[in-house]
Every structure is written in C-alpha cells, then in structure tokens.
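> turn this into a model:
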Amino acid sequence: MKSWDVAVVGEIFADHVFSGFPAWPGPGEEVIAENYLRELGGGAINTACALSRLGRRVRLVGLIGEADLDWFESRLGEFGVSMEGIRIGNDGTGITVSVSTVEDRSFFTYAGVNRALPELLASPEILADLAAARHVHFALPLPRDLAEILLPLLRQAGCTTSLDVGYSPAWLRDPVNRPSLRDVDLFLPNAKEAALLAGDEEPSSFEAWSVGAGIGRAVMKHGAGGAWIADERGLRRVPAPRIDAVDSTGAGDAFDAGVIDGLLDGESIDGCVERGCVCGALCTTAAGALQSLPHSPQLRTLREQTYGS
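Numbers count the residues shown, from 1 in each chain. Below is the predicted model:
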C-alpha cells in the first residue's frame with residue numbers, strides 16, 4: 001500500500017500575475033493590466049494542488065525561503081497539500097512574474113532557492129518519499145545524472161513517472177537528456193517545447209521525432225487546440241472544451257494533473273488526455289493558476305458535455 005497517490009517534484013515560486021492586457025506592448029511601450037494576483041506558483045505547486053483538489057493523496061517536494069513559510073503553509077492547506085515534503089533553503093523563494101493575454105503568456109523568473117533542488121533530490125530521505133508514491137511527476141528539467149539514479153529506482157519501487165520540463169531550451173536541445181525521455185512513462189511538452197525537439201510545432205513533426213527518438217508515449221499540449229497523442233497507435237488529436245478563457249497561467253500544469261488523475265484510474269491514454277484538456281480549460285476561467293482548479297464533479301460534468309464520456 002503506497003502512502004501517496006502522487007509525489008510531485010519541482011521548482012516552487014511566488015508568482016506575480018498580471019493579466020487582462022488588450023495587446024502585447026512593443027519595446028518602450030506601457031500597457032495597463034486589468035488584474036493583478038500574488039500567488040504560489042511553479043508547475044509543481046499547480047499540479048500538486050490540482051491533483052489534491054481532484055481527491056488524490058499528494059506529496060509535494062521542493063524548496064522555499066524561510067520568510068514565506070507561513071504563507072505557503074496557509075495557502076497549500078486550502079488545497080489539502082501538506083508542507084511535510086517541503087524543505088527550507090538558504091536563499092529566498094524563487095519568483096516568477098507572469099504577463100498574460102487571453103492568447104498567450106510570458107514569464108520572468110528568479111530561481112532563488114530552487115538552485116539547490118538537485119542536491120535535495122539526491123538525498124535518501126527524498127528518494128524514500130518518492131518511492132512511497134504510486135506515481136511520481138517531475139515538473140522540472142531533471143538533470144541527467146539524477147535521472148540515471150532516480151528513474152530506475154522508482155520503476156523498481158513500482159512507481160509510474162511523468163515529466164514536464166517546462167520551457168527549458170538548453171535541457172530540451174541537449175542529446176544527453178534523450179534517455180530520460182525514454183525512461184519516463186509519459187512526456188508532456190507543450191507545442192513550443194516540442195518545437196525545440198522536432199524543429200516546428202506541427203504535430204506530424206512531433207510524432208516523427210518521437211518515433212525516431214524511441215519515445216514510447218508522449219502528449220503535446222496545444223492550448224485551446226487541445227492536445228496531440230503520439231504513441232504506438234500513431235498520432236491523434238483530442239480537442240479542448242470550448243470555454244471563455246480569462247488567463248492561461250497554469251493551464252498546462254492543470255492539464256498534467258488531469259492526465260495523471262486518469263492514469264491512476266487505469267484509463268486509456270485517450271481518456272487521460274480528455275481529463276487533461278478539461279482540467280486545463282477550467283483552469284483558464286480565472287486569473288492565476290490556482291483560483292479555478294476543478295473539483296472532480298466539475299471535471300466529470302464538462303468531460304461528459306465535451307466528449308460524451
């Protein structure tokens with residue numbers, strides 16, 4: 001019996017989210033945001049909170065600065081995520097400024113204490129935490145020397161794994177990381193990240209790259225266009241629900257949570273991606289990544305309306 005349904009590992013940030021811009025500013029121009037939100041952030045936070053809201057037992061593993069301890073403990077508690085997997089580092093909490101329009105978003109980031117995360121993940125205590133989960137999700141550009149140690153041990157412990165490295169051009173372009181993509185059970189890039197691997201954002205290019213790289217199963221997130229699955233059955237698209245979007249921050253992380261939720265229920269990959277598309281869509285209905293993460297009844301309702309299942 002595993003202690004956790006999911007262990008989510010990754011960089012943790014304090015997010016400053018500006019949204020509601022009518023257009024993207026040019027150099028030297030100023031535009032006024034309609035909305036501002038200070039919130040916990042980072043892919044690990046977003047995916048962990050989304051999974052907990054869907055009723056999963058979650059272990060969040062990462063680092064923050066001591067000055068933010070009370071804020072993180074209070075806010076994570078609202079989602080039923082404990083601080084027991086969090087460690088306090090010697091630097092400040094990482095910071096990200098998110099600037100969003102309805103169509104897209106850009107980020108400005110200070111890593112802070114996240115720079116010590118690889119050292120933390122090499123500790124026996126953290127490995128024991130991860131091995132106690134049914135599934136381990138890595139929301140970071142996992143260093144290859146760590147992947148060589150962690151991924152085989154997690155497989156031996158009966159854990160399935162997924163990887164979302166975020167927009168990490170150096171990591172994605174480095175051939176040394178290809179074995180890590182083959183060693184995880186599911187790779188979850190978005191279209192821009194996939195283009196760094198395949199040369200462009202065309203789904204057919206991504207499929208061809210996946211086959212050539214020996215990736216058994218990958219899912220390319222395509223925002224309002226849904227997602228594309230590339231596996232032994234070939235390439236196919238799962239459309240996204242139609243929804244009035246407010247802010248796309250965190251939608252990809254919510255998508256990851258929906259997919260993992262389906263994996264834990266033993267769904268087909270197509271059914272898992274349907275859940276992912278629904279969770280990603282619902283996440284866009286309010287400013288910030290956490291505000292509109294869905295509960296299970298919302299997920300089921302919109303899924304039935306969209307896909308009839």
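> do I have it right that His135 meets Leu264?
Yes: contact criterion C-beta atoms under 8 Å: His135 and Leu264 qualify, at 6.3 Å. Any C-beta I mention is one placed from the backbone N, CA and C, and that applies to glycine too.
> name the residues contacting each of these two.
Residues touching both His135 and Leu264 by C-beta atoms under 8 Å, 6 or more residues apart in numbering: 5-6.
> neighbour count winner among these two?
Set side by side, His135 and Leu264 show more neighbours around His135, with 23 against 17, by other C-beta atoms under 10 Å.
> report the beta-bridge partner residues of that one.
Val6, Thr160 (DSSP bridges).
> for Val259, see how far away it is.
As judged by C-beta to C-beta, to the nearest Å, His135 and Val259 stand 10 Å apart.
> give the residues shared as contacts by the two.
Both His135 and Val259 are contacted by Ser162, under the criterion C-beta under 8 Å, 6+ apart.
> which element is the residue positioned nearest the centre of the chain on?
Here the mean C-alpha position of the chain is nearest to the C-alpha of Asp253 (C-alpha atoms, centre = their mean), at a distance of 3.2 Å. Per DSSP states H and E: Asp253 is located in helix 251-264.
> I'd like the C-alpha coordinates of that helix written as PDB, please.
Extracted C-alpha coordinates of helix 251-264, given in PDB (Å, rounded to 0.1, in the frame of the first residue of the first chain):
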ATOM      1  CA  ALA A 251      -3.300  25.600 -17.700                       C
ATOM      2  CA  GLY A 252      -0.600  23.200 -18.800                       C
ATOM      3  CA  ASP A 253       0.100  22.200 -15.200                       C
ATOM      4  CA  ALA A 254      -3.600  21.600 -14.600                       C
ATOM      5  CA  PHE A 255      -3.600  19.500 -17.800                       C
ATOM      6  CA  ASP A 256      -0.800  17.400 -16.400                       C
ATOM      7  CA  ALA A 257      -2.900  16.800 -13.300                       C
ATOM      8  CA  GLY A 258      -5.900  15.700 -15.300                       C
ATOM      9  CA  VAL A 259      -3.800  13.200 -17.300                       C
ATOM     10  CA  ILE A 260      -2.200  11.800 -14.100                       C
ATOM     11  CA  ASP A 261      -5.600  11.500 -12.500                       C
ATOM     12  CA  GLY A 262      -6.700   9.400 -15.400                       C
ATOM     13  CA  LEU A 263      -3.600   7.200 -15.200                       C
ATOM     14  CA  LEU A 264      -4.200   6.500 -11.600                       C
END
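> now for this protein, the helix or strand with the poorest mean pLDDT.
Sorting the helices and strands of the chain by mean pLDDT, DSSP states H and E puts strand 105-110 at the bottom, at a mean of 84.
> and that one, what's buried?
Buried residues in strand 105-110, counted by 16 or more other C-beta atoms under 10 Å: 105, 109.
> please apply the same query to stretch 230-240.
Using 16+ other C-beta under 10 Å as the test for burial, stretch 230-240 gives 230-231, 235, 238, 240.
> tell me who's in contact with Arg155.
For Arg155, the contacting residues are 161, 183, by C-beta under 8 Å, 6+ apart.
> for it, give me phi and psi.
Here is the backbone geometry of Arg155 (degrees, to the nearest 10): phi -60, psi -40.
> residues near Met1, how many?
For Met1, the neighbour count with other C-beta under 10 Å is 4.
> what packs against the least confident helix or strand of the chain?
Applying 3 or more C-beta pairs under 8 Å, 6 or more residues apart in numbering; DSSP states H and E, one finds that strand 105-110 makes contact with strand 94-100.
> take the buried residues of stretch 230-240 and write them to a markdown table, including secondary structure.
Output for those, formatted as a markdown table (DSSP: H, G, I helix; E, B strand; the rest coil):
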| residue | secondary structure |
| --- | --- |
| Ala230 | strand |
| Asp231 | strand |
| Leu235 | strand |
| Val238 | strand |
| Ala240 | coil |
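> any chance of those residues in TSV with pLDDT as columns?
Output for these, formatted as TSV (pLDDT from 0 to 100):
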residue	pLDDT
Ala230	95
Asp231	94
Leu235	96
Val238	98
Ala240	96
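> show me the helices in the chain, by range?
With DSSP state H, the ranges of helices along the chain come out as 43-53, 69-77, 117-121, 124-131, 144-156, 169-173, 178-183, 191-198, 203-213, 251-264, 269-283, 296-307.
> low pLDDT regions in the chain?
Applying pLDDT under 70 to the chain flags the ranges 309.
> all set now, cheers.
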